[in-house]
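Visitor: Turn this into a model:
(2 chains)
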Amino acid sequence: MSHLSEQEIIRRNYLEEIRSMGIDPYPHAAFPVNMHAADIKDGFAINPENFTSVTLAGRLMMKRIMGKAAFAELLDCTGKIQIYLNRDELCPTEDKSLYNTLFKKLCDIGDFIGIEGYAFTTQTGELTVHVRSFHFLAKSLHPLPVVKVDADGKVHDAFLDPEARYRKRYVDLIVNPFVKDIFVKRAKLISYMRRYFDDHGWLEVETPVLQSIHGGAAARPFKTHHNALDMPLFLRIANELYLKKLIVGGFDGVYEFGKMFRNEGMDRTHNPEFTSVEIYIAYKDYIWMMEMVEDMLEKVIAQINGTCESQIGDNLINFRKPYRRLSMFEAIQEYTGFNVEGKSEEELRIFCKSKHIELDDSMGKGKLIDEIFGELVEEHLIQPTYITDYPIEMTPLAKKHRSKEGLVERFELYINGKEIANAYTELNDPIDQRQRFEDQLRLAERGDEEAMVLDEDFLQALEYGMPPTSGLGIGIDRLTMLITGQEAIQEVLFFPQMKSVKE
RNA sequence: GAUCUGUUAGCUCAGUCGGUAGAGCAACGGCCUUUUAAGCCGUGGGCCUUGGGUUCGAGUCCCAAACAGAUCACCA
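Guide: The predicted structure is shown next:
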């Protein structure tokens, strides 16, 4: 703390003046809050008699002082409410210092105060708490941005610089009410999903974040080191293999909400740590999983938004089931007019070149088809759509398709042009699984940094026998973006990763 | 990682052709017993992101760096 602004110095001086009045600017005792701002706003018009003695606490956000009377705004966890203070009612004796000195002079915007009083409506129709007693609860030493909303709902002096908002999220939360709403919806999303899973009897579990082998996905990991064991460890890129081991162990349904860590680029849809939910259900296949996912999303989103719809940019997304199902080949046919089925690698390359898709020599047929899909189809999948049946090369943990040669039983759920969920009929044939890992090893030898690592312990688990199982992963951050209408992942993370600022 | 844009008071932003830095809010002082975007009147407040350069003179022009945003690449 090298340089203090004029306003910061003044607040520190006020802190000492409060002490010199014999008042503790950071009191210890609990304050007996019995009401929130929203309770009064919701209930006063119906039952005003319930609001003759309300005790509120929160931040002082605005002072309008008119001599012996003053209006102020109090912000608590439910929002703002106006309060009214009258000098001679607050200070009936000769000593007017509580009003004149403590409130008028030494209370700054941002300070925490507690009040007791009764609710009434002013001549201008504003619901207000008439203060009978006033208590100082905590001093704020930094000035807050002062954001005002006028009668037309127009915001003045908005605090909107993304860097400032993300680096000081607490200020963002204090000053921008819409930010809180996003995180409340995020919490509800996780809570309602958890309830849906629990109601079906599936078990919430926790698996290791620190892993000696980073399996279960194709991505570059963060590396760390355990000192006592003197061994390298990785932060998990996925929890898939551990969850399947629990299915081997005899649970019929397990799920985990948790952070995954990927050492890759950051942008408005990627943060190095992100939250996923993965769920594995025994004796099911990917067709069953599609039905479960659309049922769950319809119910959960209706509970959160009060409707199955969500507006994102220009698109109104409807989450009502059933969702459209298209195989990857059908989707490519529909959006490009090109049929990839039965085509040779050379024919696929010619098509890619005609569409100006960038290629490199290492790409096989599966990767080429994936490129075509990613470049030409994804952006068109606005309403919830299941894309099914992927080329086997890209998907080492999924079971070969029951009837289509060269494909696996996999679906991804696309919404608003982005992948939201990924699911398989899980591969439970340990011999096949070993071969698939070995194929990945060959990719790694050719320099693919994201190729999956062979996990001997996982293979051994499969050798003990895993029931037929379907598994699913959903990106919670991206789903939150969809239901809150946000287009940047940073808006749905309290503390998105930022570069450190050099002093 | 690439390209473009931005960084000026606590906050939101102006700043013309290169000539000693501006507004509103916030702060400070005064007046004021139901106001409301900010009650009224007045006053103070600046490492113009950082470092170089051009120039008699740089917030402004040039070069570099830091951080951020947008677009792209990679991924979920």
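Visitor: Give me the secondary structure label for the residue of the stretch 301-450 of chain A found nearest RNA strand B.
Guide: At 3.9 Å from RNA strand B, residue A:419 is the closest residue in the stretch 301-450 of chain A, using Cβ to the nearest atom of the strand. Any C-beta I mention is one placed from the backbone N, CA and C, and that applies to glycine too. What DSSP: H, G, I helix; E, B strand; the rest coil gives for residue A:419 is strand.
Visitor: What separation is there between it and residue A:194?
Guide: Separation of residue A:419 from residue A:194 (Cβ to Cβ, to the nearest Å): 22 Å.
Visitor: Same question for residue A:98.
Guide: Applying Cβ to Cβ, the value for residue A:98 to residue A:194 is 48 Å.
Visitor: What of residue A:155?
Guide: 35 Å.
Visitor: more neighbours, those two?
Guide: residue A:194 (16 against 12; other Cβ atoms under 10 Å).
Visitor: And for the nearest residue to residue A:210 once chain neighbours are set aside, the neighbour number?
Guide: Ranked by Cβ to Cβ, 6 or more residues apart in numbering and with sequence neighbours excluded, the top spatial neighbour of residue A:210 is residue A:233, at 4.6 Å. Using other Cβ under 10 Å, the number of residues around residue A:233 comes to 19.
Visitor: phi, psi of residue A:127?
Guide: phi -70, psi 130 (degrees, to the nearest 10).
Visitor: Beta-bridge partners for it, please?
Guide: On the basis of DSSP bridges, residue A:127 is bridged to residue A:121.
Visitor: pLDDT score for it?
Guide: Here, the pLDDT recorded for residue A:127 equals 94.
Visitor: How about the contacts made by it?
Guide: Listed by Cβ atoms under 8 Å, 6 or more residues apart in numbering, the contact set of residue A:127 reads A:40-41, A:44, A:81-82, A:119-121.
Visitor: out of the residues you listed, which are inside helices?
Guide: Using DSSP state H, the members of the contacts of residue A:127 that fall in helices are A:40-41.
Visitor: what stretches of chain A score poorly on pLDDT?
Guide: Scanning chain A for pLDDT under 70 picks out A:1-3, A:447, A:449, A:501-503.
Visitor: Look through it and tell me its longest helix.
Guide: Assigned via DSSP H, chain A shows its longest helix as helix A:177-199.
Visitor: Can you tell me what sits against that helix?
Guide: Contacts for helix A:177-199 (Cβ under 8 Å, 6+ apart): A:79, A:165, A:169, A:172-173, A:204, A:253, A:255, A:257, A:277, A:279, A:296, A:299-300, A:303-305, A:476, A:479-480, A:483-484, A:486, A:491-492, A:494.
Visitor: Can you select the buried ones among the residues you listed for me in ChimeraX?
Guide: To isolate the buried members of the contacts of helix A:177-199 in ChimeraX, using 16 or more other Cβ atoms under 10 Å:
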select /A:165,169,172,253,255,257,277,279,296,299,300,304,305,476,479,480,483,484,486,491,492
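Visitor: about what we covered before: mind exporting the helix or strand harbouring the residue nearest to residue A:210 as PDB, just the C-alpha atoms?
Guide: Here residue A:233, judged by DSSP states H and E, is contained in strand A:231-235. The C-alpha coordinates for strand A:231-235 follow below in PDB (Å, rounded to 0.1, in the frame of the first residue of the first chain):
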ATOM      1  CA  MET A 231       6.800 -38.200  -7.700                       C
ATOM      2  CA  PRO A 232       5.200 -36.200 -10.500                       C
ATOM      3  CA  LEU A 233       1.400 -35.800 -10.500                       C
ATOM      4  CA  PHE A 234      -1.000 -34.300 -12.900                       C
ATOM      5  CA  LEU A 235      -4.100 -32.200 -12.200                       C
END
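Visitor: Briefly note if whichever helix or strand comes after it comes near RNA strand B.
Guide: With elements assigned by DSSP H and E, the helix or strand that comes after strand A:231-235 is helix A:240-248. No: Helix A:240-248 is not in contact with RNA strand B by Cβ under 7 Å from any atom of the strand; minimum separation 11.6 Å.
Visitor: List every C-alpha atom in helix A:240-248, with coordinates, as PDB.
Guide: Provided in PDB are the C-alpha atoms of helix A:240-248 (Å, rounded to 0.1, in the frame of the first residue of the first chain):
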ATOM      1  CA  GLU A 240     -13.900 -40.800 -16.500                       C
ATOM      2  CA  LEU A 241     -11.600 -43.700 -15.700                       C
ATOM      3  CA  TYR A 242     -12.100 -43.400 -12.000                       C
ATOM      4  CA  LEU A 243     -15.900 -43.300 -12.300                       C
ATOM      5  CA  LYS A 244     -15.900 -46.400 -14.500                       C
ATOM      6  CA  LYS A 245     -13.800 -48.200 -11.800                       C
ATOM      7  CA  LEU A 246     -16.600 -47.400  -9.400                       C
ATOM      8  CA  ILE A 247     -19.100 -49.100 -11.900                       C
ATOM      9  CA  VAL A 248     -16.700 -52.100 -11.900                       C
END
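Visitor: Within the sheet, what are the partner strands of the next helix or strand after it, with directions?
Guide: Using DSSP H and E, the helix or strand that follows helix A:240-248 in sequence is strand A:253-261. Strand pairing for strand A:253-261, using DSSP bridges, gives strand A:203-204 (parallel), strand A:273-282 (antiparallel).
Visitor: Among these, which comes closest to residue A:54?
Guide: Checking these against residue A:54 by Cβ to Cβ gives strand A:273-282 as the closest, at 38.0 Å.
Visitor: Give me the distance between that closest one and the centre of its chain.
Guide: 14 Å (Cα atoms, centre = their mean, to the nearest Å).
Visitor: what's the nearest residue to residue A:495 if we skip its chain neighbours?
Guide: residue A:169 (5.9 Å).
Visitor: same question, residue A:327
Guide: Using Cβ to Cβ, 6+ apart, the closest residue to residue A:327 is residue A:389 (4.5 Å).
Visitor: now do residue A:78
Guide: Residue A:78 sits nearest to residue A:38 (Cβ to Cβ, 6+ apart), 3.5 Å away.
Visitor: Buried residues in the helix or strand containing that neighbour, which are they?
Guide: Assigned by DSSP H and E, residue A:38 belongs to helix A:37-43. Going by neighbour count (16+ other Cβ under 10 Å), the buried part of helix A:37-43 is A:37, A:39-40.
Visitor: Tell me the helix or strand right after it.
Guide: strand A:54-66.
Visitor: Get me the contact residues on the stretch 251-400 of chain A for RNA strand B.
Guide: Within reach of RNA strand B by Cβ under 7 Å from any atom of the strand, the stretch 251-400 of chain A has these residues: A:262, A:264-265, A:267-272, A:274, A:358.
Visitor: now those residues as a markdown table including secondary structure and neighbour count?
Guide: A markdown table is the format used below for those (DSSP: H, G, I helix; E, B strand; the rest coil; neighbours: other Cβ atoms under 10 Å):
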| residue | secondary structure | neighbour count |
| --- | --- | --- |
| A:262 | coil | 22 |
| A:264 | coil | 13 |
| A:265 | coil | 7 |
| A:267 | strand | 10 |
| A:268 | coil | 13 |
| A:269 | coil | 15 |
| A:270 | strand | 14 |
| A:271 | coil | 19 |
| A:272 | coil | 15 |
| A:274 | strand | 18 |
| A:358 | coil | 9 |
